[in-house]
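1. Provided below are the primary sequence and the corresponding predicted coordinates.
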Amino acid sequence: MSPSMRSFRSVSTPSSRPPHEPRTPNRTSKRFSLGIFSALDLSRSSSTATTASGKETPQFRPTSNKVDTLPDDQTKLEEIANYHLGQIGRLKDEMAHCDEQIDILTFTRLPDGMECIAGKHNERIQAARDWLDLLGKFKDFHWQEFDRIMKLKKQLMAKASGKVSDKVSDNDPSIWL
């Protein structure tokens, strides 16, 4: 494995001790083990990425625009809507972190005359921007699903109350979660 494909992660394991030292039962020490780069560090130029083991793994490809059929039960609709709202919150947090990383990388001062380092640094910034774009697409998907659920909930409430679905206002508190 080339040095550019190495990353380190901290792993807690029982400490290795010389035979003459007494054994402390709950003592752990930190060691570093080789890992592989995250999805942000993989090359964007090929359809597969090679891991440290030499195996190729397919890169992410967006799935089709299929959507799940929604249940006619309001309780289940609320559960699904809450799931989507939770995912939106998590994605917002992850996007904020990614934005922060892009800012940090953008303002990092690189050593003079190091073209290879500068090139890799720029690749890393671009990968982070690509990741941010992908997270935005996931967030948009969850918003679309949430909107679809709210429209169905509105229709179900109108049907249950005998109203025409267009007559139920979006501001009606009975359709809110």
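-> Done, it's in.
2. In terms of secondary structure, what does the longest helix along the chain contact?
-> In the chain, with assignment by DSSP state H, the single longest helix is helix 115-161. The contact analysis (3 or more C-beta pairs under 8 Å, 6 or more residues apart in numbering; DSSP states H and E) places helix 115-161 against helix 74-106. C-beta here means a position set from N, CA and C on the backbone, and glycine is covered the same way.
3. Quick one: mean pLDDT over the helix it packs on.
-> Averaging pLDDT along helix 74-106 gives 96.
4. Quick check: buried residues in it?
-> By 16 or more other C-beta atoms under 10 Å, the buried positions in helix 74-106 come out as 77, 80, 81, 84, 87, 88, 91, 95, 98, 101, 102, 105.
5. List just the nearest of those residues to residue 145.
-> Taking C-beta to C-beta as the measure, residue 145 lies nearest residue 84 of these, at 5.1 Å.
6. With distance to residue 136 added, can I get the buried residues of helix 74-106 in TSV?
-> Formatted as TSV, the buried residues of helix 74-106 follow (distance: C-beta to C-beta, whole Å):
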residue	distance to residue 136
77	25
80	22
81	20
84	15
87	13
88	11
91	8
95	7
98	10
101	15
102	13
105	18
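7. from those residues, which single one is nearest residue 161?
-> residue 77 (16.1 Å).
8. show me the residues around that closest one that make contact.
-> Taking C-beta atoms under 8 Å, 6 or more residues apart in numbering as the criterion, residue 77 is in contact with 70, 71, 149, 152, 153, 156.
9. Apply 7 Å and report the result again.
-> 70, 71, 149, 152, 153 (C-beta atoms under 7 Å, 6 or more residues apart in numbering).
10. can you redo those residues as TSV with pLDDT, neighbour count and distance to residue 130?
-> As requested, the contacts of residue 77 are exported to TSV (pLDDT from 0 to 100; neighbours: other C-beta atoms under 10 Å; distance: C-beta to C-beta, whole Å):
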residue	pLDDT	neighbour count	distance to residue 130
70	92	17	32
71	90	14	36
149	95	23	29
152	94	18	34
153	93	20	35
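11. okay, now the nearest residue to residue 95 once chain neighbours are set aside: neighbour count?
-> Excluding the flanking residues, the one nearest residue 95 by C-beta to C-beta, 6 or more residues apart in numbering is residue 135, at 5.0 Å. When neighbours are counted by other C-beta atoms under 10 Å, residue 135 registers 18.
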